[in-house]
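Asker: here is a sequence together with a model predicted from it:
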Amino acid sequence: MFPEIGHEILGYAFPNDVHILWGLMIVLYPFITGLVAGSFVVSALYHVFDKQEFKPVGRFSLVLSFCFLCFATLPLLNHLGHPERALNIVVTPNLQSAMAGFGFFYSTYFLIVILEMWFVFRPDIIRIASESTGLKRFFFALLALGTYSTSQKALEYDRKITKVLAILGIPSACILHGYVGFLFGALKSNPWWSTPLMPVIFLFSAMVSGIALTIVLYMITMPLKKMKISRECVAGLCRWLWMFLILTFTLECLEIITLAYERAEAWLVIKPLLVSHLTFSYFVLQIGIGAVLPIILLGLVVGLNKQMTDNLQNTIATISALLLIVQVMAMRWNVIIGGQLFSKSLRGFRLEYQPGFFEKEGILPALAILILPFILFAVIQKYLPLFSGEADKQRE
Amino acid sequence: MKRRDFVKTGLGGVLTILIGKAGIAHALVGGDAKTGDTYDWEQHEYAYLIDISKCIGCTMCVRACKRENNVPDNFVRTWVERYHVLDFDQTIVDCPPNGGLNGYKPLVEGNGASKAFFVPKMCNHCKKSPCEQVCPVGAAYHTKEGVVLVDPKRCIGCGYCVQACPYGCRFLHPVDHVASKCTWCYHRITKGLKPACVLACPRGARLFGDLKDPNDPVRKTLLETPVQVLRPDLLTEPQCFYLHLDKEVR
């Protein structure tokens, strides 16, 4: 059970360390907040840094961020032993606890995203309210909050406010997700989690997953809406994705190399963890086809862009993006499940973890939670023009 | 009723209500930690001392704890580990199911152990407890006597404290869905009794003492004898001390 590492130890786990406590739901939680932070950064690249190539996805990625944000708390609530007491975290927080920050970070960010969305879509909300009738008109008039001015001055003001909110949104998104990494990174009880690199790795991989999802959804929705895929936009997304991927991969490797080189007590258990317990999810998914392959593929898109046809570029981008979504999910899995596979005795392993399909924290609820943001997205895109071309067309 | 008696009764009543209210406030803030009529939690500071050289691995303590505290199956508030050192690089550690509830089977004769010993473990009631630090709602707290407790009415069952405890002492109660752990039998010690595990130990390997009592033998030992704690590198300041601890024990 416990391979020999110059020190023959028969596996021994503390008696309370038999089962995995944090399962699939807690894997989902950082995965979802990662998508939230990542897709927000894509929208910020357009709204703050004025990267014109991202104009086609500027609004779309903001809405994507919002959709995942709406359901980010679901996995947590499903995991809690007493979800009915969940609000205690904000009502009677223990300010020493990192976890107590959740309510504040989450609600601050939520507020910023909602406000930004409102300012971005305000002209469309007003237009829809004026063009439609009945319940739809009532609903959109309500959304307009009583201001119907679409004068040049008002629109300019909207743009300014949007920029300010996006600027505030970047650190908020980073804090919201960096804090998730901190939850794990700041636990000295667990050598696989306890590293100051953890929040940084979480953040960069969040960017990777957010940009990757933006690419995939963009590729799916454009043909459905019979709109043209912007070559510059995809190329730009690939460039940024490539950079964040290289940073993430470097940090992830550095973490392991440091642990191995230090040869501290932790390595006694982490080496067999990686070699015999996370063989597939770590070496194959997280490193091999999840990171090395996309680095090469995206490198081709970035380096040989001029030689590529639109189709080839889009295909490679989509494949890489899909692989990277799997990579980030695998990374969350390896951190959270991997960190609990060994006992805190550092002398042995717990029982293997295999989520059931129908159980409370199993695969079916996880799928349901993952599908909900897309349903919300589908509903929103039906009413609001999420793509710049679309907005212009509708306005005409 | 004379006027004087009336005033006395009235004042007494008002005082009772005030004290009662203070008690409720206390219970709200810090759980129902202050119990008993004469017991004053400011007057105590508890510590636990385990002598490895005395433990014979009978696991009476595990059974006593289970009965006293109604510990759910498959989880333990205290357990006893067995170490046998075969050679310089060969140490085998084991613990029977349920922390040794049904005792140990004897070692096979002639297995060649150069030394063997038992190590009882339990919540260390750390002064700088990671579990208390991470609890998002303040359900994990210290009493004035230095006991780390869980308020089951406030705990949200997130399990962060279970993850944060480096010693594996906490678990999520499978029925109540809240964090659970050793309380040093708080319901007993506040009545002047010893924890169940201490009473059950036939060898006196487990001792419970009060550091604020000048005549306490545990206090004397801690002050005059070299003692160790588990994982001192983590600086959690455990209040559960060990005599004759081996380097193999984590």
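Answerer: That came through, no problem.
Asker: tell me where chain B has strands.
Answerer: Taking DSSP state E, the strands of chain B run over residues B:46-51, B:78-87, B:90-94, B:115-122, B:140-142, B:148-150, B:171-172, B:179-180, B:206-210, B:240-243.
Asker: for the second one, which positions count as buried?
Answerer: Of the residues in strand B:78-87, those with enough neighbours to count as buried (16 or more other Cβ atoms under 10 Å in any protein chain shown) are B:78, B:79, B:80, B:81, B:82, B:83, B:84, B:85. Just so you know, the C-beta spots here come from the backbone N, C-alpha and C atoms, and that holds for glycine as well.
Asker: over to the fifth one?
Answerer: Using 16+ other Cβ under 10 Å as the test for burial, strand B:140-142 gives B:140, B:141, B:142.
Asker: ok, so of those residues, who is nearest residue B:94?
Answerer: residue B:140 (30.1 Å; Cβ to Cβ).
Asker: now do the same contact list for that closest one.
Answerer: B:129, B:131, B:132, B:134, B:148, B:149, B:150, B:151, B:155, B:161, B:179 (Cβ atoms under 8 Å, 6 or more residues apart in numbering or on different chains).
Asker: please apply the same query to residue A:255.
Answerer: Contacts of residue A:255 by Cβ under 8 Å, 6+ apart are A:195, A:197, A:201.
Asker: in a strand, the first one, correct?
Answerer: No: Residue A:195 is assigned coil when assessed by DSSP: H, G, I helix; E, B strand; the rest coil, not a strand.
Asker: how much space separates it from residue A:202?
Answerer: Note on residue A:195: its distance to residue A:202, by Cβ to Cβ, to the nearest Å, is 11 Å.
Asker: give me the more crowded residue out of these two.
Answerer: A count of neighbours by other Cβ atoms under 10 Å in any protein chain shown puts residue A:202 above the other of residue A:195 and residue A:202, at 28 against 20.
Asker: now the residue in the stretch 51-200 of chain A positioned nearest to chain B: closest residue in space, sequence neighbours ignored.
Answerer: Closest approach between the stretch 51-200 of chain A and chain B, counting by Cβ to the nearest Cβ: residue A:81, at 1.9 Å. Closest residue to residue A:81 apart from its sequence neighbours, by Cβ to Cβ, 6 or more residues apart in numbering or on different chains: residue B:157 at 1.9 Å.
Asker: could you report the neighbour count for the one you found?
Answerer: Quick note: residue B:157 (other Cβ under 10 Å) scores 21 neighbours.
Asker: residue A:334 too?
Answerer: Residues lying near residue A:334 (other Cβ under 10 Å) number 23.
Asker: ok, now residue A:223?
Answerer: A total of 10 residues lie near residue A:223 under the criterion other Cβ under 10 Å.
Asker: for it, give me the pLDDT.
Answerer: pLDDT recorded at residue A:223 is 91.
Asker: quick one: is whichever helix or strand it is part of near chain B?
Answerer: Assigned by DSSP states H and E, residue A:223 falls within helix A:197-224. No: figure legend: helix A:197-224 not in contact with chain B (Cβ under 8 Å from any Cβ of the partner chain); closest approach 13.6 Å.
Asker: could you say what helices and strands that helix packs with?
Answerer: Packing partners of helix A:197-224 (3 or more Cβ pairs under 8 Å, 6 or more residues apart in numbering or on different chains; DSSP states H and E): helix A:24-47, helix A:55-70, helix A:152-185, helix A:231-262, helix A:310-336.
Asker: so how far is residue A:337 from the residue of chain B found nearest chain A?
Answerer: Closest contact between chain B and chain A, by Cβ to the nearest Cβ, is at residue B:157 (1.9 Å). Residue B:157 sits at a distance of 19 Å from residue A:337 (criterion: Cβ to Cβ).
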